[in-house]
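Student: Here is my input, please return the structure:
(one chain, ligands or ions: 1)
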Amino acid sequence: MDRRNFVKSSLAAAGATLLAGHSSLASSTPDDRQSSSGAQSIPGAISASEIDAARFPDDFLWGMASAAYQVEGAWNIDGKGESNWDRFSHTVGKIKGGATGDVACDQYHRYKEDIAILKRLYQKSYRFSISWARIQPAGTGSANQKGIDHYSRLVDTILEAGIRPFCTLYHWDLPQALEDRGGWPNRDLASYYAEYAGILAKHLGDRLTVWAPFNMPWTFTYYGYGIGVFPPQRTGFDLFLKAAHTVNLAQGQAFRAIKAASSKATVGSAYGAAPAYPKTNSEADIAATARYNAMNNLYFLNTAMRGEYPKAFVGEPPYAAMGYRPGDDKIMKVPLDWIGFHYYTRRVVSAAISTCVSGPSGHFGTETEGEGGASARDPLTQIHVEMPTEGPLTEAGLEIWPHGMYDLVTQISREYNNPIIEISENGCCYLDSPDDSGRVPDQRRISFHQQYLAELARAIRDGARVRAYHAWSLVDNFEWADGYSQRYGLTYVDFRTQKRTIKDSGLWYGRVAASNRLNA
Ligand code: FCB
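Tutor: Residues are numbered from 1 along each chain as shown. Prediction:
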């Protein structure tokens, strides 16, 4: 199954009704605004004059993001252990085109070249991730010095370039030895993970100050243990609930371990988020949308900020199935120093009419259930989720919906007492490649970022404390189960030669970073 199970849908109400319970935003719905000539097909696109007028604060942190397994390669070098993604990609039939991350962008060896690109493009922040299996090859036990040395050199090189290093501790690659011990549904992983976090903070925390424990925790727990499209391909709602609970405990324990080892550390997040809009104005759809928001956007945030699960379920949270123990609220509660989240695309949600049917394997749903029918994703949230296609689609099939950026940022600002926010990822897949002159003219990517950033500028103007934006991604890379068939980079990579070519979007983004304006 594709990572994004997108569906066609005609949604009269979408966009007109915003996040459940927040009708005050209605005055700025996309339909009120005009299209700009550069992006006519985007409903409610920000106009060219608004793009010209958009300004970002002088100290705004322009950045780019990547992830260890997607760019590093060097999968078995310098004592690195096998990870779940090594195992998965080495298993026939799992990845499109039989691709693996064995070499990827070879950033393990070419990091200096890549950081030089960031510097050339006036970047202020580089979000990268660390491979746990390089630090602890079997997931527990003493640290592998060669792995630490590698990341130490990487951090030094980033700092020498005048760029802020932003470290994600876990971007989906788990030491296979821990998967073999039950993976994230095994509660013991919370303590193993905290030990790993402490090792990193001890060795890098004298220079690194910005830490995010998990990339998109809902995605890897749900895809890996719920619906089985990511490794280890297990399927069961209870497994997902357990995995997610361990990750919530791990987040809390890691927060404390990092802070104990490094007095300079600030700990935030890199959550995936999709603004959700009710399909109709019915009370049932509005309530279902609130449950979606709690499950997909707040499930790991609310536990950190408030020590409790948000209202994601029709009834009480299924504590027994989660493996919840008395006192877990105190472990989970670690008010984050800043909140980081990604935004790519939105969702439209309705209340499920029929309950989901659990098959023999316990399979209970997908990420989006589609337009036809109204079956529930799972028995406890009773939501039905669609990805609308009112806006144009990128070449990964995701709907372009810039206005969602404004909605998400203002929603999080309102609900969590106006925290410091970082956009940890935003980007789009287009397959443009070098032309005869060697240029990569990817105008659609420029328009995409311009539109999303213009919405971000509006949110900042309206009081949101957003300090950073990271484009996904610095380089084209290994796009998980889609292998090398999708290109998100602002730099083109020829995977046969590893030659990098900065795309027109990268050059444009460099001018944006230098001027804090979008019409650069
Ligand atoms: C995000 C992931 C990132 C990349 C982009 C396209 O969800 O965090 O690794 O795959 O999507």
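Student: Was I right to think A68 contacts A133?
Tutor: No. The pair A68 / A133 is not scored as a contact, 9.2 Å apart, by C-beta atoms under 8 Å. Bear in mind the C-beta positions are built from the backbone N, C-alpha and C, glycine included.
Student: Tell me how far the nearest residue to P231 once chain neighbours are set aside lies from the ligand.
Tutor: Among residues not flanking P231 along the chain, F88 sits closest, at 3.9 Å (C-beta to C-beta, 6 or more residues apart in numbering). Here F88 is placed at a distance of 14 Å from the ligand (C-beta to the nearest ligand atom, to the nearest Å).
Student: can you list residues touching both of A68 and A133?
Tutor: Contact criterion C-beta atoms under 8 Å, 6 or more residues apart in numbering; residues shared by A68 and A133: D173.
Student: Helix or strand for the residue nearest to P231, just tell me which one.
Tutor: Per DSSP states H and E, F88 falls inside helix 84-89.
Student: and that helix, what's its mean pLDDT?
Tutor: Mean pLDDT, computed over helix 84-89, is 98.
Student: what's the helix or strand of the chain with the lowest mean pLDDT packed up against?
Tutor: In the chain, the helix or strand scored least confidently by mean pLDDT, DSSP states H and E is strand 383-386, which has a mean of 92. Applying 3 or more C-beta pairs under 8 Å, 6 or more residues apart in numbering; DSSP states H and E, one finds that strand 383-386 makes contact with helix 283-292, strand 347-351.
Student: Could I get the phi/psi values of the nearest residue to E72 once chain neighbours are set aside?
Tutor: Nearest non-adjacent residue to E72, counting by C-beta to C-beta, 6+ apart: Y108, 4.4 Å away. The phi/psi pair for Y108 (degrees, to the nearest 10) reads phi -50, psi -40.
Student: any idea how far the ligand is from T501?
Tutor: T501 is 20 Å from the ligand, by C-beta to the nearest ligand atom.
Student: and if you look at A513?
Tutor: For A513, the distance to the ligand - C-beta to the nearest ligand atom - is 21 Å.
Student: and that residue, what is it in contact with?
Tutor: W62, L121, Y122, Q123, K124.
Student: Greatest separation within those: which pair is it?
Tutor: Across the contacts of A513, the longest distance by C-beta to C-beta is 10.2 Å; it joins L121 and K124.
Student: Compare those two (neighbour count), which wins?
Tutor: L121 (23 against 15; other C-beta atoms under 10 Å).
Student: Who are the packing partners of the host helix or strand of S424?
Tutor: With secondary structure defined by DSSP H and E, S424 is part of strand 420-426. Where contact means 3+ C-beta pairs under 8 Å, 6+ apart, strand 420-426 is packed against strand 61-65, strand 164-170, strand 339-343, helix 403-415, helix 443-461, strand 465-472.
Student: which other residues reach it?
Tutor: Residues from elsewhere that reach strand 420-426 (C-beta under 8 Å, 6+ apart): 61, 65, 127, 166, 168, 212, 215, 268-271, 337-344, 405, 409, 412-413, 449, 452, 456, 464-472.
Student: Make a PyMOL selection of whichever of those residues turn out to be buried.
Tutor: In PyMOL, this line selects whichever of the contacts of strand 420-426 come out buried by 16 or more other C-beta atoms under 10 Å:
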select buried, resi 61+65+127+166+168+212+215+268+269+270+271+337+338+339+340+341+342+343+344+405+409+412+413+449+452+456+464+466+468+469+470+471+472
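Student: Which residues does stretch 116-126 contact?
Tutor: Taking C-beta under 8 Å, 6+ apart as the rule, stretch 116-126 contacts 60-66, 115, 158, 161-166, 210, 468, 470, 474-475, 490-491, 500, 502, 506-507, 509-510, 513-514.
Student: My error: substitute stretch 257-264 in the last question.
Tutor: Against stretch 257-264 from outside (C-beta under 8 Å, 6+ apart): 194-195, 197-198, 200-202, 205-206, 208-209, 211, 265, 267.
Student: In helices only, show me those residues.
Tutor: The subset of those located in helices under the criterion DSSP state H comprises A194, E195, A197, G198, L200, A201, K202.
Student: how far away is the closest residue in space to the last one that isn't next to it in sequence from the ligand?
Tutor: Okay, so that is K202. Here the nearest residue to K202 in space, its sequence neighbours aside, is A261; by C-beta to C-beta, 6+ apart that works out to 4.4 Å. From A261 across to the ligand, the span is 26 Å (C-beta to the nearest ligand atom).
Student: before we move on, what about A481?
Tutor: 10 Å.
Student: and that residue, how many neighbours?
Tutor: Quick note: A481 (other C-beta under 10 Å) scores 20 neighbours.
Student: returning to that earlier point: ranking the helices and strands packed on strand 383-386 by burial, who's on top?
Tutor: Of all these, strand 347-351 carries the top mean neighbour count, a mean of 26, counting by mean count of other C-beta atoms under 10 Å.
Student: thinking again about what came up before, tell me who's in contact with the residue nearest to E72.
Tutor: Contacts of Y108 (C-beta under 8 Å, 6+ apart): E72, G73, A74, I77, H150.
Student: How much space separates the nearest residue to the third one once chain neighbours are set aside from R500?
Tutor: Distances taken as C-beta to C-beta, 6+ apart place Y108 nearest to A74, at 3.6 Å, with adjacent residues excluded. Distance, Y108 to R500, by C-beta to C-beta, to the nearest Å: 15 Å.
Student: Pull out the buried residues from stretch 97-114.
Tutor: A99, T100, G101, V103, A104, C105, D106, Q107, Y108, R110, Y111, D114.
Student: Likewise for stretch 478-488?
Tutor: Neighbour-count burial for stretch 478-488 [16+ other C-beta under 10 Å]: F478, E479, W480, A481, D482, G483, Y484, Q486, R487, Y488.
Student: Let me see the contact set for the last one.
Tutor: In this structure, Y488 makes contact with G427, C428, C429, W472, S473, D476, N477, E479, judged by C-beta under 8 Å, 6+ apart.
Student: Am I right that the fifth one is in contact with C428?
Tutor: No. Checked against C-beta under 8 Å, the pair S473 and C428 is beyond contact range at 10.5 Å.
Student: how far does the longest helix anywhere in the chain sit from the chain's center?
Tutor: Ranked by residue count and defined by DSSP H, the top helix of the chain is helix 237-261. Helix 237-261 sits 17 Å away from the centroid of its parent chain (C-alpha atoms, centre = their mean, to the nearest Å).
Student: One more: stretch 234-248?
Tutor: 19 Å.
Student: tell me the average confidence for it?
Tutor: Mean predicted confidence for stretch 234-248 is 96.
Student: now do stretch 108-122
Tutor: Here the average pLDDT along stretch 108-122 is 98.
Student: same check, this time on stretch 271-284
Tutor: Stretch 271-284 comes out at a mean pLDDT of 97.
Student: try stretch 161-171
Tutor: 99.
Student: shift numbering so it begins at 42
Tutor: Renumbered: residue one is now 42, and that last one reads stretch 202-212.
Student: where exactly do the strands run in this protein?
Tutor: 102-106, 166-170, 205-211, 251-255, 307-308, 312-314, 317-319, 380-384, 388-392, 424-427, 461-467, 506-513, 532-535, 540-543 (DSSP state E).
Student: which residues touch the longest one?
Tutor: Here strand 506-513 makes contact (C-beta under 8 Å, 6+ apart) with 98, 100-106, 165-166, 168, 207, 379, 381, 383, 450, 454, 459-468, 490, 494, 497, 500-501, 529, 531, 550.
Student: check these against the ligand, which are close?
Tutor: H383, E466, Y529 (C-beta under 6 Å from any ligand atom).
Student: In contact with R248, which residues?
Tutor: V196, D197, L200, P206.
Student: Now the buried members of those residues.
Tutor: V196, P206.
Student: between the contacts of R248, which is closest to the ligand?
Tutor: Using C-beta to the nearest ligand atom, P206 is the member of the contacts of R248 that lies nearest the ligand, at 17.8 Å.
Student: Can you get me a residue count around the closest residue to that closest one other than its chain neighbours?
Tutor: Leaving aside its chain neighbours, P206 sits nearest to I199 (4.4 Å; criterion: C-beta to C-beta, 6+ apart). I199 sits with 25 neighbouring residues when counted by other C-beta under 10 Å.
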